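In: build the 3D model from these lines:
(2 chains)
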Amino acid sequence: MTLLSLQAVTRSVVLPDGGRLEILRGVDLDVEAGDHLSIVGRSGSGKSTLLNLLGLLDTPTSGRIAFDGKPLERLAGSRRDRTRGRDVGFVFQQFNLLPGRTALENAMTPLLYARGRQFWRRERIATDMLERVGLGDRLHSTPDRLSGGEQQRVAIARALVRGPRLILADEPTGALDVDTGTAVMALLDEVAHASGAALITITHDPGIAAMARRRYRLDAGVLSAAVTA
Amino acid sequence: MIGAFVEAWAEFRVHRARVLLSLVGVAIAVAALSGVVGVGALATQAQTEQLERGGGRPATLVLSPPYNAQTGEQADPAVLAAAFDQIVERYAITYAGAVSWSDARIQYADGTDGVTLTVVSPAYGPMHRIQLSEGSWFTVRDEQRLSPALVVSDAVWQRLGAPGLATNPTVTVYGAQPTTAVIVGVLPPDPYGPNYQAYILSSGYAAIAQPSQTAALPMYEFWVPLDLADALMERIRAEVGSALGDGWIVDVQRQDYLAWGTSDPLEPIRIVLLAIAGLILFLGALSLVNIALVTVRQRVREIGIRRAFGATAPRVFLAVMLESVVATVIAGVIGVVLAVIVVQSEWVRAAIAPGLQDSVPFPAEAALIGLVAAVAVGALAGLLPALVAVRVKVIDAIRY
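Out: I've put the predicted structure just below:
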């Protein structure tokens, strides 16, 4: 079943001089449950804008986006926020852990917006997830006491604690060295695969992109299937 | 809602140093507000007791000496005394008595000197909150003494050489004839300078009064329940009038401070003090809003991250608002505790309300006002940052 569908999506912004800048042009994309795809593009190619749309953080100028079969326009305001919290997990390039909070508190953050069992058992769930990403002994360490790779693993645990159906990784290895980046990416792929979540990796690193089963290229706002060697 | 509380508390814990620093002003303002209300209660009690010393406790009725409307002559003292006794018995008035003023001379080591005498009954002490620094006020047994009992001012006592009251010190009082009186009590020092005065019971005064002085009619005072004051005023007027017959002007009035007007005479002081405290709180709130606004701008990225993970706009609004309220409530509690410590301290009590007779606990309304003000300040100070937080654009914030 299609989890996320983009049809003829465009996104443009109005410039201060009144002109219009086309960032995305006619993007078509279907993401299935359990899918793993990568989107490669240079700086300014529209990757971040596409990420906003995929993460239900922005709306297209034209075209249609449907999440789990529901058109985006039917998911307005808080409903969209709740859907995003429940079904989408983010892994950011700069980790974006909350400073001053321990790894456990960071991993628990999304669960604060959950309801019922997930909310009340948030500490247990977050602990389990951190153990799963190999940080069982760093639960109470704050980000400034964690290495880059460890911080990204906390970020992965945080993205996964609510059991999202879609994981969006924005340059997940951009701040890591090659070996650590490859290890973190392998972990992300493994955990996403085990949980049945779709994984979309946005990167400019061909090596990381190559780990995906489907690969796309974003060039000047146009999304196309990447030519593999 | 619980999640928002949990989040607010976690925020407070993480940012406790900043939050606590920013809350110093609020804690001090709340302490000032509660303290002013608490000190106000002390001052009110002190002033009330002072007013009650002069005019008697509410409700004190005074029967002025009746006089004949045509001839101007005074009523027969015996008839008036009989009417008084009858009224006291009929209406079961526990505290009532005659009061008059006179003068005499007292023998000191260096000669005699004048003293103002207030001629009273044992009931006068509790009715007028008479305080003593030494000894005790008159009892009914003092009326049986052969030597009249005296309660003297501190100036008289000091001039007599401050004799220990356990030794039953005596003094010669010169009235109609020299009479030896026993000092049973001493008033506290007069803050406005030496005041040569003494209280004496009417039974004892009869022994020293000049004939012209005994002919003067006393006033009669009655301490009655507030809700019965008006009715009893009418009854006393009617009964005395009936005992004296036609043509006599019988005047019964209230003389306690509550009868001075419909409004509380201490209200203006209270309003001024509250206005000052309100201003302090307002300034505290302004500084809090300032810090909160700066802080929320520094936390734009964090808010963006929370929004990305499912925090709805109302939830972000509530969390930022609650964070402010949780913090100010803690500041409020600290402020109230400070106020209690200050207001209950002996030093403050001695400075604001020296010689307070009734114990005044820290007023509950002062603590309540402080806490309500803290919550209100927290909500107001949290409002602007919460509105800013809601308008954060998620991705822009994450890349902030």
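
In: how about the residues of the stretch 201-350 of chain B by chain A?
Out: Neighbours of chain A within the stretch 201-350 of chain B, by Cβ under 8 Å from any Cβ of the partner chain: B:301-302, B:305-315. Using the backbone N, CA and C atoms, a C-beta is placed for each residue, glycine as well.

In: narrow these to those in strands?
Out: Under the assignment DSSP state E, those contribute nothing to strands.

In: and the two most separated of these?
Out: Greatest spacing in these, by Cβ to Cβ: B:301 and B:314 (20.5 Å).

In: quick one, which of the two is more surrounded?
Out: For residue B:301 versus residue B:314, the count of surrounding residues by other Cβ atoms under 10 Å in any protein chain shown is larger for residue B:301: 18 against 14.

In: any figure for the gap between the more buried one and residue B:73?
Out: 96 Å (Cβ to Cβ, to the nearest Å).

In: now do the same contact list for residue B:207.
Out: By Cβ atoms under 8 Å, 6 or more residues apart in numbering or on different chains, residue B:207 lies in contact with B:148, B:175, B:176, B:179.

In: okay, now the third one: neighbour count?
Out: What it means is residue B:176. 15.

In: name the SS class of the residue lying closest to residue B:124 once chain neighbours are set aside, please.
Out: Distance criterion Cβ to Cβ, 6 or more residues apart in numbering or on different chains; nearest residue to residue B:124, sequence neighbours excluded, is residue B:97 at 5.6 Å. Put simply, residue B:97 is strand when judged by DSSP: H, G, I helix; E, B strand; the rest coil.

In: residue B:97 against residue B:125, yeah?
Out: No: using Cβ atoms under 8 Å, residue B:97 is not in contact with residue B:125, being 9.8 Å away.

In: ok, and what's touching stretch A:15-35?
Out: Stretch A:15-35 has contacts (Cβ under 8 Å, 6+ apart) with A:1-14, A:37, A:46, A:49-50, A:53-54, A:60, A:63, A:165-166, A:193, A:196-200, A:213-214, A:216, A:220-223.

In: quick one: mean pLDDT over it.
Out: Taken as a whole, stretch A:15-35 has a mean pLDDT of 90.

In: what of stretch B:242-258?
Out: Mean predicted lDDT for stretch B:242-258 stands at 88.

In: if we can go back for a sec, what's near enough to touch the residue nearest to residue B:124?
Out: B:120, B:121, B:122, B:123, B:124, B:127, B:202, B:220, B:221 are the contacts of residue B:97 under Cβ under 8 Å, 6+ apart.

In: out of these, who's nearest chain A?
Out: Nearest to chain A among the contacts of residue B:97: residue B:127, at 65.2 Å, using Cβ to the nearest Cβ.

In: what residues are up against that closest one?
Out: Applying Cβ under 8 Å, 6+ apart, the residues near residue B:127 are B:56, B:57, B:60, B:95, B:97, B:221, B:223.

In: of all the residues you listed, which comes closest to residue B:8?
Out: Of those, the one sitting nearest to residue B:8 (Cβ to Cβ) turns out to be residue B:57, at 50.4 Å.

In: got the CA coordinates for the helix or strand of chain A with the lowest mean pLDDT in CSV?
Out: Ranking every helix and strand in chain A by mean pLDDT, DSSP states H and E puts helix A:178-195 at the bottom, with a mean of 82. The C-alpha coordinates for helix A:178-195 follow below in CSV (Å, rounded to 0.1, in the frame of the first residue of the first chain):
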residue,chain,number,x,y,z
VAL,A,178,33.1,8.2,6.8
ASP,A,179,33.3,5.1,9.0
THR,A,180,31.0,6.4,11.6
GLY,A,181,28.6,7.6,9.0
THR,A,182,28.5,4.2,7.3
ALA,A,183,27.9,2.5,10.6
VAL,A,184,25.2,4.9,11.6
MET,A,185,23.5,4.5,8.2
ALA,A,186,23.7,0.7,8.5
LEU,A,187,22.1,0.9,11.9
LEU,A,188,19.3,3.2,10.7
ASP,A,189,18.6,0.9,7.7
GLU,A,190,18.5,-2.1,10.0
VAL,A,191,16.2,-0.6,12.6
ALA,A,192,13.9,0.9,10.0
HIS,A,193,13.7,-2.4,8.2
ALA,A,194,13.1,-4.3,11.4
SER,A,195,10.2,-2.0,12.3
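
In: show me where chain B has helices.
Out: B:2-14, B:16-55, B:77-90, B:124-127, B:154-159, B:202-208, B:211-215, B:229-244, B:267-298, B:300-308, B:313-344, B:346-352, B:364-390, B:394-398 (DSSP state H).

In: for chain A, same thing?
Out: Under DSSP H, chain A gives helices at A:47-54, A:77-87, A:103-108, A:116-120, A:122-132, A:148-160, A:178-195, A:206-209.

In: quick one: which of those is nearest chain B?
Out: Of these, nearest to chain B by Cβ to the nearest Cβ is helix A:77-87, at 1.4 Å.

In: show me what the closest one is packed against.
Out: Packing contacts for helix A:77-87, counted by 3 or more Cβ pairs under 8 Å, 6 or more residues apart in numbering or on different chains; DSSP states H and E, involve helix B:313-344.

In: re earlier: tell me the one of the residues of the stretch 201-350 of chain B next to chain A nearest chain A?
Out: Of those, the one sitting nearest to chain A (Cβ to the nearest Cβ) turns out to be residue B:310, at 1.4 Å.

In: is it true that that closest one touches residue A:90?
Out: No: assessed by Cβ under 8 Å, residue B:310 is found out of contact with residue A:90, at 10.3 Å.

In: how close does the residue located most distally from the centre of chain A sit to chain B?
Out: No residue in chain A sits farther from the centre than residue A:17, which is 33.2 Å out by Cα atoms, centre = their mean. From residue A:17 across to chain B, the span is 21 Å (Cβ to the nearest Cβ, to the nearest Å).

In: for the closest residue to residue A:73 other than its chain neighbours, what are phi and psi?
Out: Once flanking residues are discounted, residue A:73 sits nearest to residue A:59: 7.7 Å by Cβ to Cβ, 6+ apart. When read as degrees, to the nearest 10, the backbone of residue A:59 gives phi -120, psi 150.
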